[in-house]
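Student: everything below, folded, please.
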Amino acid sequence: MKNEASQVSRRKLVGWLGVFSVFAAIGAAFLPKKEKESGKIKMLTQDGKLVEIDASLLADNKQKVSDKELQNWVKR
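Tutor: Numbers count the residues shown, from 1 in each chain. As a prediction, this is how the structure comes out:
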């Protein structure tokens with residue numbers, strides 16, 4: 001008898017957690033999404049200075065830099 005009562009209360013708990021998680025997921029879907037700023041981007045120069053430049057000045061060819069290119073780019 002005691003075991004059945006604990007199983008029922010556990011089932012209720014799991015059920016309520018499921019209901020709350022569904023409401024949380026629905027609520028998260030309606031939150032306003034942050035738009036990416038297209039104004040300025042922060043970048044690091046060769047001599048270690050942090051500068052902000054317009055995103056419109058950057059090229060759209062996003063290629064990964066190889067290790068050799070990166071090592072040759074950094075001046076010591």
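Student: which helix or strand contains K12?
Tutor: K12 is part of helix 2-29 when elements are defined by DSSP states H and E.
Student: tell me the average confidence for that helix?
Tutor: Taken as a whole, helix 2-29 carries a mean pLDDT of 84.
Student: check stretch 52-63 too.
Tutor: According to the model, stretch 52-63 has a mean pLDDT of 78.
Student: what's the span of that stretch, first residue to last?
Tutor: 21 Å (C-alpha to C-alpha, to the nearest Å).
Student: which residues are contacting it?
Tutor: Identification of contacts with stretch 52-63 by C-beta atoms under 8 Å, 6 or more residues apart in numbering yields 38-43. In this view, the C-beta of every residue, glycine as well, is placed from N, C-alpha and C.
Student: which ones among these map onto strands?
Tutor: 40-43 (DSSP state E).
Student: farthest-apart pair in those, please.
Tutor: Farthest-apart pair in the ones in strands among the contacts of stretch 52-63 is K40 and M43; separation 9.8 Å (C-beta to C-beta).
Student: ok so, going back, so which of the contacts of stretch 52-63 sits lowest on pLDDT?
Tutor: Ranking those by pLDDT, S38 lands last with 64.
Student: how near is I53 to F23?
Tutor: For I53, the distance to F23 equals 43 Å [C-beta to C-beta, to the nearest Å].
Student: I should have written D54 there, sorry.
Tutor: As defined by C-beta to C-beta, D54 lies at a distance of 42 Å from F23.
Student: before we move on, the earlier item: out of the contacts of stretch 52-63, who's the most crowded?
Tutor: Counting neighbours by other C-beta atoms under 10 Å, I41 leads these with 13 neighbours.
Student: what about the residue lying closest to that residue once chain neighbours are set aside, neighbour count?
Tutor: Excluding its sequence neighbours, the residue lying closest to I41 (C-beta to C-beta, 6 or more residues apart in numbering) is A55, at 5.3 Å. Residues lying near A55 (other C-beta under 10 Å) number 11.
Student: kindly report the same for F23.
Tutor: Look at F23: counted by other C-beta under 10 Å, it has 10 neighbours.
Student: same thing with W73?
Tutor: Count around W73 with other C-beta under 10 Å applied: 9.
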